[in-house]
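S.K.: need a structure here:
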Amino acid sequence: MRSLLALALVALVLPAAARAEVRVSAFYYPWYGTPAFDHAYQHWSQRGHTPPDDIASAYYPARGIYSSSDRLVIGAQMDELRNAGVEEVAVSWWGRSSAEDARLPAVVAAARGDGLAVAVHLEPYPGRTVASTVADVAYLRTYGIHTFYVYRAFDLPIADWLAARADLRAGGTTLFAQTGLVGAAAAAGFDGVYTYDIVTYPGGRFGRLCAQAHAVGLLCAPSVGPGYDARRGSGDPVVKPRRHGATYDAMWRAAIAAHADRVTITSYNEWHEGTQIEPAAPGHHGLYRYHSYDGAWGLHGQAAETAYLTRTRYWSDVLRGTSVLHPKTRAS
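M.R.: Alright, predicted model coming up:
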């Protein structure tokens with residue numbers, strides 16, 4: 001009994017990085033809808049697009065446009081993530097009673113059925129405050145979720161975050177702030193930082209970000225992605241080309257060289273912004289032409305459709321084989 005108590009005390013004082021496994025997380029969006037499951041198209045039709053041939057994305061899903069309410073689809077997606085070496089699914093969540101909230105139980109069940117951990121990506125829903133986030137975290141912990149990524153954390157005051165630190169971290173919760181401002185994340189009481197935006201935060205910034213994070217005892221979880229093209233999804237004219245896979249490789253190399261504690265992937269299925277690694281179909285749909293993954297890493301046809309999942313498996317294996325947990329991260 002005494003030895004067990006000693007082990008428990010050691011666990012309580014171990015640095016966060018020493019207690020956490022090296023992880024590969026992917027941002028996941030359960031916000032798509034179709035008339036068959038949801039009475040209307042959701043998200044596929046944004047900006048005036050008219051599914052099923054005309055959708056709000058520069059790419060077209062290989063499985064066709066789907067509903068995030070379809071448990072068969074969710075299960076197949078979790079299979080893909082597991083086989084790609086992803087260990088944690090960070091589920092986009094837009095507040096209580098949102099469509100994403102309604103679909104969360106099915107995602108949690110499918111993910112855990114595949115042995116995947118589940119985190120929540122706390123989005124900036126209308127009226128979000130630090131106080132509402134405290135309530136959100138308490139609610140989401142009822143699903144057994146203990147890791148949270150807070151998007152645009154510093155839309156809200158640092159002082160409010162710090163005042164809520166004890167409540168937010170109750171029950172072993174770990175919180176990451178989406179920011180490049182490591183000092184602000186430390187001052188606000190976060191456990192780590194992540195970047196999400198692969199345009200604003202290219203791989204060249206990872207080394208400094210992680211060095212700064214580790215220097216003040218924070219976990220570093222930079223975000224890698226295959227590219228960015230939201231012209232059809234949101235009208236944003238900025239494009240980060242995929243370069244047949246070279247963009248993805250470069251970001252992974254940079255994250256590993258930066259000694260990242262975990263790598264976050266932007267994204268599994270954010271089709272509007274063209275950051276997805278979910279399989280994409282080639283060619284035309286009706287009168288509409290879409291980009292494809294053809295030529296990525298020299299692959300064509302069906303092999304190209306799944307190229308980014310295959311490459312994710314490669315890089316996740318490299319990460320687990322070479323990463324060493326940083327010894328100076330703060331206790332969580």
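
S.K.: pLDDT score for A331?
M.R.: Note on A331: pLDDT of 35.

S.K.: one more: L7?
M.R.: L7 is given a pLDDT of 32.

S.K.: swap in T133?
M.R.: According to the model, T133 scores 98 on pLDDT.

S.K.: A strand includes it, no?
M.R.: No: read with DSSP: H, G, I helix; E, B strand; the rest coil, T133 is helix and lies in no strand.

S.K.: neighbours of the closest residue to it other than its chain neighbours, how many?
M.R.: Closest residue to T133 apart from its sequence neighbours, by Cβ to Cβ, 6 or more residues apart in numbering: L122 at 6.4 Å. The way it works is simple: take the backbone N, C-alpha and C, and place the C-beta from them, glycine included. If you count neighbours by other Cβ atoms under 10 Å, L122 ends up with 26.

S.K.: cool, G225 as well?
M.R.: 30.

S.K.: how about the contacts made by it?
M.R.: Taking Cβ atoms under 8 Å, 6 or more residues apart in numbering as the criterion, G225 is in contact with 198, 247-248, 251, 265-267, 275.

S.K.: roughly how far does the closest residue in space to W297 that isn't next to it in sequence sit from Y308?
M.R.: In space, W297 comes closest to G245 once its chain neighbours are excluded; the distance is 4.6 Å by Cβ to Cβ, 6+ apart. From G245 across to Y308, the span is 8 Å (Cβ to Cβ, to the nearest Å).

S.K.: list residues touching both of these two?
M.R.: Shared contacts of G245 and Y308, counting by Cβ under 8 Å, 6+ apart, come down to 226, 296.

S.K.: who's more crowded, these two?
M.R.: Neighbour totals were compared for G245 and Y308, and Y308 leads with 26 against 21 (other Cβ under 10 Å).

S.K.: residue contacts, G75?
M.R.: Contacts of G75 by Cβ under 8 Å, 6+ apart are 110, 113-114.

S.K.: look at the residue nearest to T133 and report its pLDDT.
M.R.: On the pLDDT scale, L122 gets 98.

S.K.: who does it bridge with?
M.R.: For L122, the beta-bridge partners are W93, V150 (DSSP bridges).

S.K.: tell me which stretches of the stretch 51-200 of the chain form helices.
M.R.: Ranges of helices in the stretch 51-200 of the chain, per DSSP state H, counting those that start in this stretch, are 71-83, 99-113, 130-140, 158-163, 165-168, 182-187.

S.K.: right, I'll leave it there.
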